[in-house]
Each structure stands twice: as C-alpha cells, then as structure tokens.
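Q: Have a look at this fold, sequence not included:
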C-alpha cells in the first residue's frame, strides 16, 4: 500500500516522540513538525482510518504494528542517509534536512546500495 510522504513524516515523528517522551500527544506532534493543531487532527484522523494509529479516550496516540513498521523504516532511512551525507562532507544540519527530503523518494535498491557502502 502506498502511503503519502506527509503520513510517513507524521508516523516517524510519532515514533521519535514515543522514544523520547514515552507518550505521543497531538500537541507535541504539532510542535515537532511546525504545523497547526487542526492539521494534526486531520492527519491523525486519516492515519486512524487507515489503521496506522489508535487513540485512547485521553487523546494519547499509539502506533499500530503497520504504523510502527512504516515509522521504523523511515527513521532507519533518515539515520542512515544522515550518516552517509555527513560522511561525504555535508554539515550535520544540512545532512539531517536533506536526509528528510531524500528518505521518501529514494528507491529500495539505491538505499540498499548506500547502506552497503556505509557498512564497508
């Protein structure tokens, strides 16, 4: 199933929030992504409808297995691409920003080749 880049960003952010804060709240997502609370509400509604997250009665968000797998994949790509870009001389800040842009569009084949190159 094809998932939108924005949805991948939301899921990755949710995983990072879960890892850093222990919980996932809409307000934290909005702050982290620099978007409005209504934007987060719309996105989380779509993610719930597609089975990527659940939300409890207190508004706390949890990733489903499908959501976790996408988030973990995007996070892994982001980390590896950042490391690769820094390794070829890109500043850390620029590497992080560019990795975020690249992680969504790069093919699995190219990603695996970069990964193999780093592991050598």
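A: The structure has been received and is ready for your questions. None of these values were measured; they are calculated from a predicted model.
Q: Now residue 41: closest residue in space, sequence neighbours ignored.
A: Closest residue in space to residue 41, ignoring its immediate chain neighbours: residue 26 at 6.8 Å, by CB to CB, 6 or more residues apart in numbering. All C-beta spots, glycine's among them, are computed from the backbone N, C-alpha and C.
Q: Might you report the residue contacts of that neighbour?
A: 37, 40, 41, 44, 59, 61 (CB atoms under 8 Å, 6 or more residues apart in numbering).
Q: Low-confidence regions, the chain specifically.
A: For the chain, residues meeting the criterion pLDDT under 70 lie at 1-2.
Q: where do the strands sit along it?
A: Using DSSP state E, the strands of the chain run over residues 53-55, 61-63.
Q: Could you export those as a markdown table, including distance to residue 94 and mean neighbour count?
A: Listed next are the strands of the chain as a markdown table, based on distance: least, CB to CB, whole Å; neighbours: other CB atoms under 10 Å:
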| stretch | distance to residue 94 | mean neighbour count |
| --- | --- | --- |
| strand 53-55 | 31 | 17 |
| strand 61-63 | 29 | 19 |
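Q: Let me have those in JSON lines, extended by distance to residue 72.
A: Below are these laid out as JSON lines (distance: least, CB to CB, whole Å):
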{"stretch": "strand 53-55", "distance to residue 72": "14"}
{"stretch": "strand 61-63", "distance to residue 72": "9"}
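Q: Distance check, the residue nearest to residue 41 against residue 14.
A: 10 Å (CB to CB, to the nearest Å).
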